[in-house]
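Peer 1: Okay, predicted coordinates and the sequence, questions at the end:
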Amino acid sequence: MTERLDKLIADSGTASRSQAKSLVRQGRVTVNGVQAAACDVRLNPDLDVICVDGCMLNCSKYRYFMLHKPCGVLSATEDRAQKTVLDLLPENLRRLRLFPVGRLDKDTSGLLILTNNGQYAHNIISPARHVPKRYIAGLDSRPDADVAEVFRRGIVLADGLECLPARLEILGGSSAAVTVYEGKYHQVRRMFAAAGLHVLTLHRLSIGPLELDSALEPGQFREMNQEEAQLVFK
């Protein structure tokens, strides 16, 4: 499928459509190593190499980013009063209409995927897909084997919300690793509360086999290719 050059530049997040036309007029855009003569030429983003000022653009329709979400930031696209995960991105990436896949609570850190692919996001958060999410929880006291068994059987919360069976691994001190297969509101914290434990810290390590890149500091992100993004389903 082909698209106009100016649209592909805009789709990359590098510039708006009008700015892209200006870049072409200024001679700053090349296509397959040759200076672009017009912005209405139609190109295949999977085959043609587009560069602006010598830098190759990613003009893929769908984009995927791994973010190390810090505490204190909302998993939302916008909020008038508080900082959101999109505020962590530079302006050119905010043009891509990215959104977080599911949510991490404001006080929860760790792996969060940002994308503009709605079907991909739906497949991750859908309970029917049973995509596992693994967390490390710091608790107010050490859990015991009875708590692990409660998690294994599944929990019905006080308001009647049913939580699917989850896996609890008791770690050193008062920390534990928990793997859930759905993403209900405040689920991990509420499950621990139902077992008589209070979560002090919560950090997501992985979604499916996709693990948070250890090189990313809180607030940092990097782009993933299609193959890496699809790891969550393997």
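Peer 2: Ah, there it is.
Peer 1: quick one: residue 225 and residue 133, what's the gap?
Peer 2: 22 Å (C-beta to C-beta, to the nearest Å). (Each C-beta comes from the backbone N, C-alpha and C, glycine too.)
Peer 1: Only the buried residues of the host helix or strand of residue 201, if you could.
Peer 2: In this structure, residue 201 is located in strand 199-207 according to DSSP states H and E. For strand 199-207, a neighbour-count test (16 or more other C-beta atoms under 10 Å) marks 199, 202, 203, 204, 206, 207 as buried.
Peer 1: Tell me the bridge partners for the second one.
Peer 2: Looking back up the chat, that one is residue 202. residue 108, residue 137 (DSSP bridges).
Peer 1: Quick one: residues contacting it.
Peer 2: 105, 107, 108, 109, 110, 135, 136, 137, 138, 188, 189 (C-beta atoms under 8 Å, 6 or more residues apart in numbering).
Peer 1: What separation do you get for residue 86 and residue 42?
Peer 2: Taking C-beta to C-beta, one finds residue 86 at 31 Å from residue 42.
Peer 1: Pick out whichever of these two has more residues nearby.
Peer 2: Neighbour totals were compared for residue 86 and residue 42, and residue 86 leads with 22 against 12 (other C-beta atoms under 10 Å).
Peer 1: Confirm that that one lies within a helix, as I assumed.
Peer 2: Yes: judged by DSSP: H, G, I helix; E, B strand; the rest coil, residue 86 forms part of a helix.
Peer 1: just checking, it touches residue 79?
Peer 2: No: taking contacts as C-beta atoms under 8 Å, residue 86 lies outside contact range of residue 79: 9.6 Å.
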